[in-house]
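quick one: sequence and predicted model below, then my questions.
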Amino acid sequence: MDIGFEPTGAERRPKTEPKYFERIKETIDAKDRERIHLDISGKGDNTVNLFNRAVKDVARSNNVYKHVWLVFDKDDFPAENFDHTVELCEAEGTEETRYHPIWSNQCIELWFLLHFMF
């Protein structure tokens, strides 16, 4: 199974999100390398551009991605961009590739804190 992550928010924290997902990749590679393939690409862009780049990356890739996860902070973008990106993920998915928006409310650092506290 190929999965792509497209974290954003890098304009403020250029390495936080990609480092977090790289660590997840290392953990998965150590346990399930034969079953799961992860590609991580930190873009640092708005939600709609993030989606459009993900679609282009999937189209250009030799891999077939079953799931593409777009990760962004909800509070950094106008509500209409956020809502439109969620709609795009739902509308543009195919049987071959599904797009999933994941957002953190407030900021990714709060997500990290909650992840490791519970």
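Now that the structure is in, tell me what you want to look at. Numbering: from 1, shown residues only.

so what's the residue nearest the centre of the chain bridging to?
With distances taken as C-alpha atoms, centre = their mean, Leu70 lies nearest the centre of the chain, 2.9 Å away. Beta-bridge partners recorded for Leu70 (DSSP bridges): Glu6, Pro101.

quick one: contacts for it?
Counting by C-beta atoms under 8 Å, 6 or more residues apart in numbering, Leu70 makes contact with 6, 8, 47, 50-51, 54, 85, 89, 99-102. In short, each C-beta sits where N, CA and C put it, glycine included.

now flag whichever of those is closest to Asn62.
Ala54 (16.0 Å; C-beta to C-beta).

what about the closest one, neighbour count?
Around Ala54 there are 24 other residues, counting by other C-beta atoms under 10 Å.

which element is it on?
Assigned by DSSP states H and E, Ala54 belongs to helix 47-60.
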